[in-house]
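J.: Here is a sequence with its predicted model. Questions after.
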Amino acid sequence: MWLFTLAFFLTTMSPSLVVSWDYRCSFCHWGAGALISYNHRGHSQAEAISMVAEGCYMLDVYPREVCNGMVANVGDRLFTILDITNNTLTSGDICGMILGSSCSEGASKSTNWSLDLPALDSTPPYSPPATPAWDSVTHKTKVLHLSDLHVQLNYRVGSPSTCRYPLCCTANLPQKPPSPPARYWGEYACDLPPWTLEATLANIAETHPDLEYVLLTGDLPAHDVWLQSQDSNLGVIQVVAAALKKHFPNIPVLPAIGNHESFPVNMFPDPTIPDEESTNWLYSSMAKYFSHWLPLEQQKTLAKAGYFSYKVKPSLTIISVNSNFCNNLNLWLLPSPKDPARHLAWLVEELLVAEKSGSMVHIISHIPPGTSGCLGAWSHQYRRIIQRFSSIISAQFFGHSHWDEFSILYNTTASSNTRDPISMAYITPSITPHDGLNPAYRVYYTDSSRPNSTHLVLDHSTYSLDLELANTNSSNSSLTYTLEYSARSSLGLQNLSPESWSEFVVTMVRDKTVWDTFYRRYSRGGPHADKECHKTCKEDILCRLVTFDREDTKECIKIKGEMARMEMEEKDKQGEQWNWWDVL
């Protein structure tokens, strides 16, 4: 039981630790099996939850308060899920979902599924538009992208800024070990103070008065998940929506739902399955809070299942995808993982309408499909959709990782021997400074203001806040974000086509200076940027940039092979002896 607790908590709160834990599958299977057995025998659920919480504390995963809150929030749902499935779930089902297919031994349910939609088997009726030259587009549309705000309403100036908890800067935290006091604008082990959000939006509105619309890709509540409730999460969402309405009242603000919006965190039942919990409290509230910008029809679909389609311009449709239906920590997907809420089928229907009408499409969502946080089968089916409609999907926008990165989709049709880059997913950095990152936002310049617009992204600029400098020098009334870099001018890209981004990845593999600059921008020069990124770290980051489908690692394998070849060449130049297994 305690071993399952360790695997689950480290995966939920500290994924980077789990990757290096050799026995995580064994621990998970041991504990999950014990939990299932406990439920089979009809023992008290409260007793089981108490035992798991005690195991969390005894293993020193987190302080007792965190363990009690987290286990109590999730535990009741897990027992309900076991009952819904008539106790047919095995430890392989649970651990395979949380930790990946390599941990699914003994699973009773197949996690592989496919969308049986004839539209996905046809080829696009026309080619995608070519990327226009920057100078040929006289007026660019400016689009603001905000993500992962994680607003901490209980932030307290003077409280401990470092602690053993997942989130610091709150009242009544233990003062041992001694900690510097939390400063006004925020700290790197904490989330975003509400007044920092207010000052951030004010600075953006002043700096960019010509924005045409705003993309908000999720994760509005803070990381204090053990303290949360439905009401507290809705309170944060309402605060964010009100602040956005204050500063951007006259342009559309279009949301996508993050994994932290729900309570408990990551738990999003399928609204089409009657036996599962209702998420109406969240989806209907989101529709209400964003009703200032969303027409009634979009409010209805958002209230139903957390997604919508919105025609922001006559020839541009923005589709908000609820990626929580691919979240590997969403335990509600265990009973029925195939296309929850018929979401992907709905997405195909919307894309067919856009294709028939000649509209281009932008997709906004939270969890990038190629990451470990998205289930493999869902990721693969989503990739099928994007590849089929690549001629009209001119851009995709995600958040979730908190890093400044991107993801490239490569064509993988059986009839083609080449793997051409065909679509881009932009992953914007977070506003929260949590995990040692400087707050940042992004502005895109798109070809969306002329007849026959391609709606392609022509450039993007990332603005960041030096939090240390702000706390030292700034007054308590305003903030100034500065331009960190522009994609075209700073990265040396000919344009922002998938081909150019793919070439940029190759350059980073081969040029250490380019890689070092990218890595510092990856965390916007915050304390995390000072951490050494060794070979495995670099491989992991570069692989994420070229992995759009979790089940397709071919481009990643190429990168690892090229890095191994370069390492061998370097050792040969230096006359060093090496073993082939040292570079694999």
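T.: Everything's here; your move. If you're wondering where the values come from, they're calculated on a predicted model, not measured in any experiment.
J.: Just confirm Tyr485 is within a helix.
T.: No. Counting by DSSP: H, G, I helix; E, B strand; the rest coil, one finds Tyr485 to be strand, located in no helix.
J.: For it, name its beta-bridge partners.
T.: Beta bridges link Tyr485 to Thr462, judged by DSSP bridges.
J.: Show me where this protein has its strands.
T.: 141-146, 213-216, 253-255, 308-313, 316-320, 360-364, 393-398, 405-410, 421-427, 440-446, 457-464, 482-486 (DSSP state E).
J.: Mean pLDDT, distance to Gly373 and mean neighbour count added to the ones you listed, as CSV?
T.: The C-beta positions use only the backbone N, C-alpha and C, and glycine is treated the same way. Below are the strands of the chain laid out as CSV (pLDDT from 0 to 100; distance: least, C-beta to C-beta, whole Å; neighbours: other C-beta atoms under 10 Å):
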stretch, mean pLDDT, distance to Gly373, mean neighbour count
strand 141-146, 98, 19, 23
strand 213-216, 98, 19, 23
strand 253-255, 98, 19, 24
strand 308-313, 96, 22, 20
strand 316-320, 98, 18, 23
strand 360-364, 98, 17, 25
strand 393-398, 98, 11, 26
strand 405-410, 97, 13, 22
strand 421-427, 97, 12, 23
strand 440-446, 98, 20, 23
strand 457-464, 98, 22, 21
strand 482-486, 97, 25, 15
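J.: Just send those back as a markdown table, with distance to Trp293 too.
T.: Shown next, in a markdown table, are these (distance: least, C-beta to C-beta, whole Å):
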| stretch | distance to Trp293 |
| --- | --- |
| strand 141-146 | 13 |
| strand 213-216 | 9 |
| strand 253-255 | 5 |
| strand 308-313 | 9 |
| strand 316-320 | 11 |
| strand 360-364 | 13 |
| strand 393-398 | 17 |
| strand 405-410 | 27 |
| strand 421-427 | 21 |
| strand 440-446 | 18 |
| strand 457-464 | 22 |
| strand 482-486 | 27 |
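J.: Figure out which of these is closest to Ser232.
T.: strand 253-255 (18.6 Å; C-beta to C-beta).
J.: what helices or strands is the closest one leaning on?
T.: strand 213-216, strand 316-320 (3 or more C-beta pairs under 8 Å, 6 or more residues apart in numbering; DSSP states H and E).
J.: Adding distance to Gly33, write those out as TSV.
T.: Putting the helices and strands packed on strand 253-255 into TSV (distance: least, C-beta to C-beta, whole Å) gives the following:
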stretch	distance to Gly33
strand 213-216	41
strand 316-320	39
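J.: I figured Gly373 hits Phe398, correct?
T.: No. Using C-beta atoms under 8 Å, Gly373 is not in contact with Phe398, being 10.7 Å away.
J.: list the residues that contact both of these two?
T.: Ile367 (C-beta atoms under 8 Å, 6 or more residues apart in numbering).
J.: Identify whichever of the strands of the chain lies nearest to Ala34.
T.: strand 393-398 (36.7 Å).
J.: Could you tell me how many residues sit around Asn511?
T.: Careful, residue 511 is Asp and not Asn. Neighbours of Asp511 under the rule other C-beta atoms under 10 Å: 12.
J.: do the same with Ala341
T.: 21.
J.: List the contacts of it.
T.: By C-beta under 8 Å, 6+ apart, the contact set of Ala341 is 270-272, 305, 322, 325.
J.: what residues are up against the residue most central in space within the chain?
T.: Note on the chain: the residue nearest the mean C-alpha position is His400, at 2.1 Å, using C-alpha atoms, centre = their mean. His400 makes contact with 147-148, 217-219, 258-259, 323, 366-368, 371, 373, 427 under the criterion C-beta under 8 Å, 6+ apart.
J.: quick one: Leu201 and Leu244 touch, right?
T.: Yes. The pair Leu201 and Leu244 passes the contact test of C-beta under 8 Å, sitting 6.8 Å apart.
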